[in-house]
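# Let me see the structure of the following:
(chains A and B)
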Amino acid sequence: ETGVTQSPTHLIKTRGQQVTLRCSSQSGHNTVSWYQQALGQGPQFIFQYYREEENGRGNFPPRFSGLQFPNYSSELNVNALELDDSALYLCASSLRGANEQFFGPGTRLTVL
Amino acid sequence: SQQGEEDPQALSIQEGENATMNCSYKTSINNLQWYRQNSGRGLVHLILIRSNEREKHSGRLRVTLDTSKKSSSLLITASRAADTASYFCATDVSMDSSYKLIFGSGTRLLVRP
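Below you'll find the predicted structure:
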């Protein structure tokens, strides 16, 4: 167990809806990263947050947005859901500057 | 986009045999890491090898790195049924005093009892 928790575990939405996924970081970690993992693929970097600000972003459209709170927990928001957004969404916490990231169990999102 | 490819995509071996997985990457790296994922759940960090290292061991795991060929391999010795999982290599890319991970496509390992 890494100490990183995510909620919910599973979620089903329909096209065009909005979704919020939540992540609680491992104690003491100040940086959180979000990844999208499509079925049969490796995770792809969405963005990273540090001190409540976005610290880097992958190749994802603006309808993917995030928040980090003072307690370092984080949210991933996706607007105008598309079928291709169906995936496992992973958050990972780390200390700023550290190479190793600690992953949560993920939220499996299905868009119908 | 994925950093590179892992080979093979799937591997099925008998318990007790060794499993070797290979990873190729495209750009210069700081470090290369290997992660394990059970049944589409969270990833667990296995081992990190720095760009100036050629080989590293951790228990039954042995990782090699060849920066001239931009490739790495993960060897699991004396495999167990519990080693059944997907294995991913990841390179870390510097990003304003922090890092993001770029993953390969993974190798699905099945260890038959």
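# From now on I want contacts and neighbour counts done on CA atoms only, so please keep to that.
OK.
# What is the burial count for residue 41?
Let's take chain A. 16 (other Cα atoms under 10 Å in any protein chain shown).
# please go with chain B instead
Count around B:R41 with other Cα under 10 Å applied: 18.
# quick one, phi psi at the residue lying closest to it once chain neighbours are set aside?
In this structure, B:R41 finds its nearest non-sequential neighbour in A:P105, 5.1 Å apart by Cα to Cα, 6 or more residues apart in numbering or on different chains. Torsion angles at A:P105 (phi, psi; degrees, to the nearest 10) stand at phi -70, psi -10.
# got the contact list for the residue nearest to B:R80 when sequence neighbours are not counted?
Nearest residue to B:R80, sequence neighbours excluded (Cα to Cα, 6+ apart): B:E15, at 5.1 Å. Residues near B:E15 by Cα atoms under 8 Å, 6 or more residues apart in numbering or on different chains: B:78-81, B:111-113.
# Going by distance to chain A, which of those residues wins?
Distance to chain A, by Cα to the nearest Cα, is smallest for B:V111 among the contacts of B:E15, at 18.6 Å.
# So what's the residue count around the closest one?
When counting by other Cα under 10 Å, one arrives at 20 neighbours for B:V111.
# Contacts only, for it.
Listed by Cα under 8 Å, 6+ apart, the contact partners of B:V111 are B:12-15, B:79-84.
# before we move on, back to that, for the residue nearest to B:R80, give its distance to chain A.
Distance, B:E15 to chain A, by Cα to the nearest Cα, to the nearest Å: 24 Å.
# do the same with B:H45
For B:H45, the distance to chain A - Cα to the nearest Cα - is 7 Å.
# quick one, phi/psi of that residue?
phi -70, psi 130.
# B:G106 too?
Taking degrees, to the nearest 10 as the convention, B:G106 sits at phi 90, psi 150.
# Nearest spatial neighbour of it, chain-adjacent residues omitted?
Nearest one to B:G106, counting by Cα to Cα, 6+ apart, is B:F88 at 4.5 Å.
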